[in-house]
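# All I have is the shape, not the residue letters:
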């Protein structure tokens, strides 16, 4: 297994994926992406698993693309969907609980929202920061934020690219579970145990049913986001913003 993605088999068919790339602070480094692909591939091949819990480390859940990746997209060298990994929680046949104990930024926030049950922390920051750099959102964020956080609030987050703490999102009425950071993983595991009481096959076919509309609509959303990127990602100021604002 990857050095930055650990997989822990827990009780009753529960499996925990822990992202811990301390060098990149859980941005989508090559090591983190490879580890995630390996972890979900392993899970797909094990008939005993029932529920997946996905989490980060310390203050970081997942912080999206690296600076090098953003510059490469700006230069037209790559597209965000060249490596198909950001929908892994959606494509996983088993229910996935994202214990988003730490910050979820940009594509890292969207990655967590692809889970069936995102669980947030009151203290952590969640930001769809794409427009801060001047380019329009990608990785399906234009679909997932309004869907999971509410149309008005999700659209606001996409337009403003502002920072929102989990407590603020809860006050704004999000229906996702929000707990103090210290309790997020504990609550996620509690939910996992509740799900794991059910038959594996019933969990699988229910997820197939509940996610079918997202899976049906997502390819068109991705295509439209890529069309927007053909314009917005190559604006002259975008490269300058990435160089000056990344990591702030």
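Perfect, thanks for sending it. Predicted, not measured: the structure shown is a model, and the values here were computed from it. Residues are numbered from 1 along each chain as shown.
# List the contacts of the residue nearest to residue 62 when sequence neighbours are not counted.
Computed as Cβ to Cβ, 6 or more residues apart in numbering, the closest residue to residue 62 that is not its neighbour in sequence is residue 108, at 3.1 Å. Backbone N, C-alpha and C define where each C-beta goes, glycine included. Taking Cβ atoms under 8 Å, 6 or more residues apart in numbering, we find residue 108 in contact with 26-28, 61-64.
# Can you add distance to residue 158, secondary structure and pLDDT and give those back as CSV?
What follows is those, written out as CSV (distance: Cβ to Cβ, whole Å; DSSP: H, G, I helix; E, B strand; the rest coil; pLDDT from 0 to 100):
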residue, distance to residue 158, secondary structure, pLDDT
26, 22, coil, 96
27, 20, coil, 94
28, 19, coil, 94
61, 19, strand, 98
62, 18, strand, 97
63, 17, coil, 94
64, 14, coil, 90
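# Just the buried residues of the helix of greatest length in the chain, please?
Taking DSSP state H as the assignment, the helix of the chain that covers the most residues is helix 212-232. By neighbour count with 16 or more other Cβ atoms under 10 Å, helix 212-232 contains the buried residues 214, 218, 221-222, 225, 229, 232.
# still on that earlier bit, the residue nearest to residue 62: what secondary structure?
helix (DSSP: H, G, I helix; E, B strand; the rest coil).
# what's the spacing between it and residue 76?
For residue 108, the distance to residue 76 equals 23 Å [Cβ to Cβ, to the nearest Å].
# looking at this, residue 174 is in a helix?
No. Applying three-state DSSP, one finds residue 174 to be coil, outside a helix.
# What ranges in the chain fall below the confidence cut-off?
The chain contains residues with pLDDT under 70 at 1, 247-248.
# what about the strands in it?
In the chain, the segments counted as strands under DSSP state E are 5-9, 14-19, 51-55, 60-62, 96-100, 103-105, 117-121, 125-127, 164-165, 177-179.
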